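Asks: Here is my input, please return the structure:
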Amino acid sequence: MLGINRKLEELDKQGKTIQVGVIGAGQMGRGMISQIEKMLGMRVVITADIQIDNVKNAYLKSGVDSSDIIETNDGQEAAQAVKSGKVVATTEAQLVTSLPEVHVVVDATGVPNIGAKIAWDAILNKKHIVMLNVEADVTVGPLLKKMADASGVVYTGTAGDEPGAIMELYDFADALGFEVVALGKGKNNPLNRDANPDTAAEEAARKGASPKMLASFQDGTKTMVEMTAVANATGFLPDVPGMHGFVGGVSDLPEIFRLKEEGGQVSNKKIVEYINGVAPGVFAIIASEKEEVNHEMQYLSMGKGPNYVLYRPYHLTSLETPISIARAFFYNEATIAPWKGLQAETVTVAKTDLEEGQFLDSIGGFTVYGHILAATEAQNLKALPLGLVDRNVQLKRAVKKGDIITYDDVVQTQDSTIWRLRKMQDETFQVNAPQDVPVKA
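Replies: Here you go, the predicted model:
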């Protein structure tokens, strides 16, 4: 965002720092900690992870001296360490969300239930919360945003993730008065709904990635979740359930997104979509009814119209998260949030034939994948939001491969924060809330 560098430099000259707390020191968390350590006016002062060595390694790789890393789960000791210019490594996530010295909390866990609890705790402690956890956001984001607004803090997705990068293009075009026809992203991997950690293992090892995470990319779940976040921020919807998944290059996009009666391939405007062939970029398709604007766009080599493409060829994931941190701190603004409420839903689909009594696993696992629907359709079907799936959700009856799993198909065998928040959200925002799911004693 323009001007953030000067705001941070000014803060640094005043001897002040945006003090950040991070939860999750995996790949995303480590990169972000190193990035922030090079910045003026911002520092990650405390980091939590269930594996304390992950935290210490993240700080060491960022250039922090080992003598300046204080390992503790004690609040007073942590506060004293931060005040004396040291950083804290802890296994207690709640220490991060409650420490008075922390201004902004970042959830980098990627686990929906944990992310929901982190956001809830951060907001209750009146701290800004940045979600590197789109899965939690699309499940209970509207409720968390409402809570944050009431508490006077910012609830936001992150710059650098595809939804955040798409939102920058949308805001730019919308502010200038362009008609925004479609919003989307490139998909890295060919869609393979059968993908699981075993089938992804070899490629994951070659790339140094998690097999589970890679499987969630390959089976389309991650793409569905990301475009659900964009839908909830803008009010745009998929043109068809699950989106089309067109194939093409950047120059093909303006024609693809013309209506079918005009020779294009879509039935509606204001849609979210993904394209095989433009990864890792994101795009917005824009148009204008003004003759002089079209003339200017053609003069600027933006194409022949009537559609034009704004394309961002990169997204730097957690390396861009500091922009969202600074924006929340300086301006009380979100990069992306569910401003339009629940417009779309990523619902749960059986990845294989599932048996009565079988437990589901998780995103990127062996049992389910995600599929985007309009929220009204999901509600009518009583479809189970994918973010509620974990190993404590059990099937009450068999479900065939490819069928949507509904609330009526499952029983939650152990209570969780995200289930409680989702129930609260449904009661707060929806007229026809899904039926209660019994919890086993």
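
Asks: residues touching residue 54, list them.
Replies: Taking CB atoms under 8 Å, 6 or more residues apart in numbering, we find residue 54 in contact with 25, 26, 29, 30. The way it works is simple: take the backbone N, C-alpha and C, and place the C-beta from them, glycine included.

Asks: Check which element follows whatever helix or strand it lives in along the chain.
Replies: Here residue 54 is covered by helix 52-62, with elements defined by DSSP states H and E. Under the assignment DSSP H and E, the closest C-terminal helix or strand after helix 52-62 is strand 69-71.

Asks: Walk me through which strands that following strand pairs with, and which way each runs.
Replies: Note on strand 69-71: by DSSP bridges, its sheet partners are strand 87-90 (parallel).

Asks: Pull the distance from the strand it pairs with to the chain's centre.
Replies: How far strand 87-90 lies from its chain's middle: 25 Å, per CA atoms, centre = their mean, to the nearest Å.

Asks: what is the mean pLDDT for that strand?
Replies: The average of the pLDDT scores along strand 87-90 is 98.

Asks: so after that strand, what's the next helix or strand?
Replies: helix 93-98.

Asks: list the helices and strands that following helix packs on?
Replies: The elements that helix 93-98 packs onto, with contact taken as 3 or more CB pairs under 8 Å, 6 or more residues apart in numbering; DSSP states H and E, are strand 18-23, strand 42-48, helix 75-83, helix 112-124.

Asks: can you list those in CSV and add distance to residue 359, mean neighbour count and mean pLDDT?
Replies: Shown next, in CSV, are the helices and strands packed on helix 93-98 (distance: least, CB to CB, whole Å; neighbours: other CB atoms under 10 Å; pLDDT from 0 to 100):
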stretch, distance to residue 359, mean neighbour count, mean pLDDT
strand 18-23, 26, 27, 98
strand 42-48, 28, 26, 98
helix 75-83, 37, 17, 98
helix 112-124, 15, 25, 97
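
Asks: Distance to residue 383 added to the ones you listed, as a markdown table?
Replies: Converted to a markdown table, these look like this (distance: least, CB to CB, whole Å):
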| stretch | distance to residue 383 |
| --- | --- |
| strand 18-23 | 30 |
| strand 42-48 | 34 |
| helix 75-83 | 42 |
| helix 112-124 | 16 |
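
Asks: At which residues are the strands of the stretch 101-250 of the chain located?
Replies: Secondary structure of the stretch 101-250 of the chain (DSSP state E, counting those that start in this stretch): strands at 104-107, 128-131, 155-157, 179-187, 237-238, 246-247.

Asks: Check the stretch 301-441 of the chain too.
Replies: Using DSSP E, counting those that start in this stretch, strands in the stretch 301-441 of the chain cover 308-312, 344-350, 368-374, 393-395, 410-412.
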